[in-house]
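**Q** with the input below, show me the fold.
(2 chains)
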Number of protein chains: 2
Amino acid sequence: MSTTDTPEPTPQKRGRVNRRGFLTGAGIAGAGLAVGGAAGAGITYTATADTRSDPATETVEFYGEHQAGITTRQQNSLVFAAFDLKPTTVAQVETMMARWAAAASLLAQGKPVGPVESRPMAPPADTGEAFDLGPNRLTITVGFGPSFFDDRLGLAAKMPEALRPLGQLAVDTTIDPSISGGDICVQACSEDPQVAFHAVRNLARIGRSVITLRWLQEGFGRASATSTDQVTPRNLLGFKDGTANIKAEEPAVAEKFVWVGEETDQPWMKGGSYLVSRKIRMHIEAWDSDDISDQERIFGRTKDSGAPLSGGGEFTDPNFTVKGTDGRTKIDRFSHVRLAHPDSNGGAQLLRRGYNFTDGIDVRTGTLSAGLFFIAYQKNAHEQFARIQNNLAQDALNEYISPVSSSLFAIPPGLTGIGDWYGKKMFGYQG
Amino acid sequence: MSTTDTPEPTPQKRGRVNRRGFLTGAGIAGAGLAVGGAAGAGITYTATADTRSDPATETVEFYGEHQAGITTRQQNSLVFAAFDLKPTTVAQVETMMARWAAAASLLAQGKPVGPVESRPMAPPADTGEAFDLGPNRLTITVGFGPSFFDDRLGLAAKMPEALRPLGQLAVDTTIDPSISGGDICVQACSEDPQVAFHAVRNLARIGRSVITLRWLQEGFGRASATSTDQVTPRNLLGFKDGTANIKAEEPAVAEKFVWVGEETDQPWMKGGSYLVSRKIRMHIEAWDSDDISDQERIFGRTKDSGAPLSGGGEFTDPNFTVKGTDGRTKIDRFSHVRLAHPDSNGGAQLLRRGYNFTDGIDVRTGTLSAGLFFIAYQKNAHEQFARIQNNLAQDALNEYISPVSSSLFAIPPGLTGIGDWYGKKMFGYQG
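**A** Residues are numbered from 1 along each chain as shown, chains lettered A, B, ... in the order given. As a prediction, this is how the structure comes out:
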């Protein structure tokens, strides 16, 4: 096996690298679909000084302790792909991961993965559709699913205990296995959808002898890259989504909730994280026929301002005990804000990175197919996502949403530099 | 029937309206998928002085002689919907069109289609997901398909002769009727995909007793709204797409090729246009395995710079007679650039407004489903699009593309102001 056609990464020009995005928009959330109200929240988003600069030219640091695309300020567009292994060998997978690492470092700089016209009688190394678009804050985040560690590659001993499948959660009656799971995942986020698509396409192409595409999801609309206002984005139910995300500029917060630490049984995962993705179909026609008062009862917040029904403004902490004149709590017991709140989940929190989606029309029902592609990062998905999700089994919102895919991936730590690749230590090499 | 709950449009604040977008990015093209090389082209794009202003706050004039979204400088995101009539009456359709006109004028200003919380025991008038996003250069363009004029509504006598169905063109062996055609279409374009989605969703909601969604298509990536460089965008085959689009700041060019004039048999269509949409699946895995020299032969241009193979730079007119040392023309006879060129089509040109798309995975083949959602506007689709498309039956590119949907819609002229609605004259009212 040869790796001579691996794209050659050029040395990082660190002066060009933009690290401003670190944790200015993403946040540690009180989990769930839309709201959290984390204790200690109430910290508003603040603008970075230069968010009006042209996002096309901005880059996100590729190398580092953690992979980019997790605590990175959320970009506008997502392309998420899950792949399955073809019959292959560990050596072939390693080679692909090494080539991916080299290619991803180039893509993150807005460069093609190789020259276009060097050999007339060969296909171009890069597919070309992003040639002129700039890096657009592209991040590429790679992970391994539980099935990667089955007996095909002989790596079962390397599987982290925390990667055991989540199994069927309480609300998981509508999961489609064909758009769930996978041996390997790639999350590409960018301010430009074509840049994110280009990244996934070219990684898929590099790996075409090793992997096959299992499913792919596009997402949009979680932030406005060129706007300086710090308005909380909205999901497709029209409610603000992310109010309770706290700014996590203190690395200690991410250390506590996001990054795998010494507790892991697999040292190669230290500095990594666990990704849960959930494709949540929203029954928007039914929702759109629901009274505004009922919509607000379900969320526990007002639709317009996002303020909790217990009073105050959007960033006021919800008060679950204050009662109205009817003697009932102003925030319903089964409201989303209450059930997703850390106080209802033993303090469990996670880092959310969701994107809205539309799939066109649901041919079964003739209605608009749309919803939220929920992504969460955490130290341990069993103790964080699954715990919260099981609490949400009573969520009044469940009448209007159905999860249709559910996946868990182990995200290895960041790459240290040229010569490192995704899972290198897992494959048995020294870092 | 009451129209009292029609959203009330506020008077246009013309001082706020941004008309800069008029025809600065869209262009009259030599047709076809990607290239044209229109005779007399070679005019490069020029930047408007202020393209770096925040697109979130920019509006496009809603009222006028023609509907917006045709010669408007192309926005980054598309949501295109086709609807079928439920069993209904002409009066109900008229009412819906009047409500759409009022709603669209509000949406174009970045406003909701109605208040959120005015009546607690009623659904909110607006679904809310675009509340804080700004107008983002939203345009809404409404049209009627041939089937609108069948015997259901009794409007057969109002059908323009030019709206007769295109029928099966030479390459149309893979068309899926379920994602083609429709009684009514809505094209929503915006710099923000959530704003475009919100517009279509709320129009669908206003019309829910009259129409049902037939199909919906998202598109992305034809321009970078925040970039001042005038780089021609690329399709997902990696080639520049739009090189030969000429700047049509001269209204005479649009009068000649785009706007319906005195020649129409239906006076209500004067000032309107005909829209052809074609969803073109690209077999990108096969394409990505093709040699660069073959890719360039097929397009007749270089991939990197977009220059015609006859020499020069991107904006040099292609020369179809100049020969290489092997005695053959440098631009292949069956190349896309030659067959789509006006010189090969009796001078026929049309206005293109295509968007790239990805649909995830093609479950039949396990490959990435992606391509171009081609939209063209013209005075007469039989004499323009169909003529050119039939000439493209010999296109070498056909090995790598398959049209999967094909639609034709009559786009009525623009609305004159409050009190006008889509097709008002067609319904028998005086303008």
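
**Q** separation between A:P251 and chain B?
**A** Going from A:P251 to chain B by C-beta to the nearest C-beta, to the nearest Å gives 30 Å. In this view, the C-beta of every residue, glycine as well, is placed from N, C-alpha and C.

**Q** typo on my end, it should be A:L309
**A** 12 Å.

**Q** up against chain B, what does the stretch 51-200 of chain A have?
**A** Residues of the stretch 51-200 of chain A lying close to chain B (C-beta under 8 Å from any C-beta of the partner chain) are A:52, A:54-56, A:77, A:79, A:116-117, A:119-124, A:126-134, A:178, A:192-194, A:197.

**Q** let's go with 7 Å and repeat that
**A** Contact residues, the stretch 51-200 of chain A versus chain B (C-beta under 7 Å from any C-beta of the partner chain): A:54-56, A:116-117, A:120-124, A:127-129, A:131-133, A:192-194, A:197.

**Q** now, of those residues, which are buried?
**A** Buried members of these, counted by 16 or more other C-beta atoms under 10 Å in any protein chain shown: A:54-56, A:116-117, A:123-124, A:127-129, A:131-133, A:192-194, A:197.

**Q** just checking, which of those residues belong to helices?
**A** Judged by DSSP state H, helices contain the following of these: A:P193, A:Q194, A:F197.

**Q** with distance to B:P146 added, can I get those residues in a markdown table?
**A** What follows is those, written out as a markdown table (distance: C-beta to C-beta, whole Å):
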| residue | distance to B:P146 |
| --- | --- |
| A:P193 | 33 |
| A:Q194 | 33 |
| A:F197 | 34 |
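
**Q** in the stretch 1-150 of chain A, what residue is nearest chain B?
**A** Of all residues in the stretch 1-150 of chain A, A:G128 sits closest to chain B, at 2.5 Å by C-beta to the nearest C-beta.

**Q** find the nearest non-adjacent residue to that residue, please.
**A** B:G238 (2.5 Å; C-beta to C-beta, 6 or more residues apart in numbering or on different chains).

**Q** just name the closest of the ones in helices among the buried ones among the residues of the stretch 51-200 of chain A next to chain B to A:N319, please.
**A** A:P193 (40.3 Å; C-beta to C-beta).

**Q** surely that closest one touches A:S77?
**A** Yes: at 4.0 Å, A:P193 counts as touching A:S77 under the criterion of C-beta atoms under 7 Å.

**Q** ok, the nearest residue to A:I331 once chain neighbours are set aside to A:N391 distance?
**A** Leaving aside its sequence neighbours, A:I331 sits nearest to A:G300 (C-beta to C-beta, 6+ apart; 4.5 Å). For A:G300, the distance to A:N391 equals 14 Å [C-beta to C-beta, to the nearest Å].

**Q** those two - which one has more neighbours?
**A** A:G300 (30 against 20; other C-beta atoms under 10 Å in any protein chain shown).

**Q** helix, strand, or coil at A:F357?
**A** Classification of A:F357 by DSSP: H, G, I helix; E, B strand; the rest coil places it in strand.

**Q** ugh, wrong one, I meant A:L216
**A** Classified using three-state DSSP, A:L216 is strand.

**Q** any idea which element the residue nearest to it when sequence neighbours are not counted lies in?
**A** In space, and not counting its chain neighbours, A:L216 is closest to B:G360: 4.3 Å by C-beta to C-beta, 6+ apart. Taking DSSP states H and E as the criterion, B:G360 maps to strand B:355-362.

**Q** what's that strand packed up against?
**A** strand A:211-220, strand B:211-220, strand B:367-378 (3 or more C-beta pairs under 7 Å, 6 or more residues apart in numbering or on different chains; DSSP states H and E).

**Q** for B:L163, which of the ones you listed is the nearest?
**A** Short answer: strand B:367-378, nearest of those by C-beta to C-beta, at 12.4 Å.

**Q** okay, now the sheet partners of that closest one, with direction.
**A** In the sheet, strand B:367-378 lines up against strand B:273-282 (antiparallel), strand B:350-352 (antiparallel), strand B:355-362 (antiparallel) (DSSP bridges).

**Q** buried stuff in it?
**A** Those would be B:T367, B:L368, B:S369, B:A370, B:G371, B:L372, B:F373, B:F374, B:I375, B:A376, B:Y377, B:Q378, for strand B:367-378 by 16+ other C-beta under 10 Å.

**Q** now it: mean pLDDT?
**A** Model confidence over strand B:367-378, given as mean pLDDT, is 92.

**Q** following it, which helix or strand shows up next?
**A** helix B:385-391.

**Q** ok, and what's touching whatever helix or strand comes next after that following helix?
**A** Using DSSP H and E, the helix or strand that follows helix B:385-391 in sequence is strand B:401-411. Residues external to strand B:401-411 that are found in contact with it (C-beta atoms under 7 Å, 6 or more residues apart in numbering or on different chains): B:33, B:67, B:82, B:141, B:143-146, B:160, B:163, B:165-166, B:171-172, B:174-176, B:179-182, B:185, B:269, B:272-283, B:381.

**Q** of those residues, buried ones?
**A** B:33, B:67, B:82, B:141, B:143-146, B:160, B:163, B:166, B:171-172, B:175, B:179-182, B:185, B:269, B:272-283, B:381.

**Q** ok, how many other residues are close to the closest residue to chain B within the stretch 301-431 of chain A?
**A** Relative to chain B, the nearest point of the stretch 301-431 of chain A is A:G360 (4.3 Å; C-beta to the nearest C-beta). Counted with other C-beta under 10 Å, residues neighbouring A:G360 total 17.

**Q** so what's A:R137 up against?
**A** Taking C-beta under 7 Å, 6+ apart as the test, what A:R137 contacts is A:G21, A:P55, A:E58, A:T59, A:V60, A:Q75, A:S190, A:E191.

**Q** packing partners for the one helix or strand A:Q92 maps to?
**A** A:Q92 belongs to helix A:90-107 when assigned by DSSP H and E. Counting contacts by 3+ C-beta pairs under 7 Å, 6+ apart, helix A:90-107 is packed against strand A:139-144, helix A:193-206.

**Q** the following helix or strand past the shortest one pairs with which strands?
**A** Spelled out, that is strand A:139-144. Once strand A:139-144 ends, the next helix or strand along the chain (criterion: DSSP H and E) is strand A:184-190. When pairs are called by DSSP bridges, strand A:184-190 turns out to pair with strand A:77-85 (antiparallel), strand A:139-144 (antiparallel).

**Q** what's the closest residue to chain B within the stretch 201-350 of chain A in contact with, if anything?
**A** Among the residues of the stretch 201-350 of chain A, A:G238 lies closest to chain B, at 2.5 Å counting by C-beta to the nearest C-beta. Shown in contact with A:G238 (C-beta under 7 Å, 6+ apart): A:K303, B:T127, B:G128, B:E129.

**Q** could you export these as CSV, including pLDDT and distance to A:V322?
**A** Formatted as CSV, these follow (pLDDT from 0 to 100; distance: C-beta to C-beta, whole Å):
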residue, pLDDT, distance to A:V322
A:K303, 93, 20
B:T127, 93, 29
B:G128, 92, 25
B:E129, 92, 29
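
**Q** just curious, which of these is nearest to B:G428?
**A** Distances from B:G428 to these, taken by C-beta to C-beta, are shortest for B:T127, at 32.8 Å.

**Q** contacts only, for the closest residue to A:S407 other than its chain neighbours.
**A** Excluding the flanking residues, the one nearest A:S407 by C-beta to C-beta, 6+ apart is A:S277, at 4.6 Å. Applying C-beta under 7 Å, 6+ apart, we find A:S277 in contact with A:F80, A:F373, A:F374, A:I375, A:S407.
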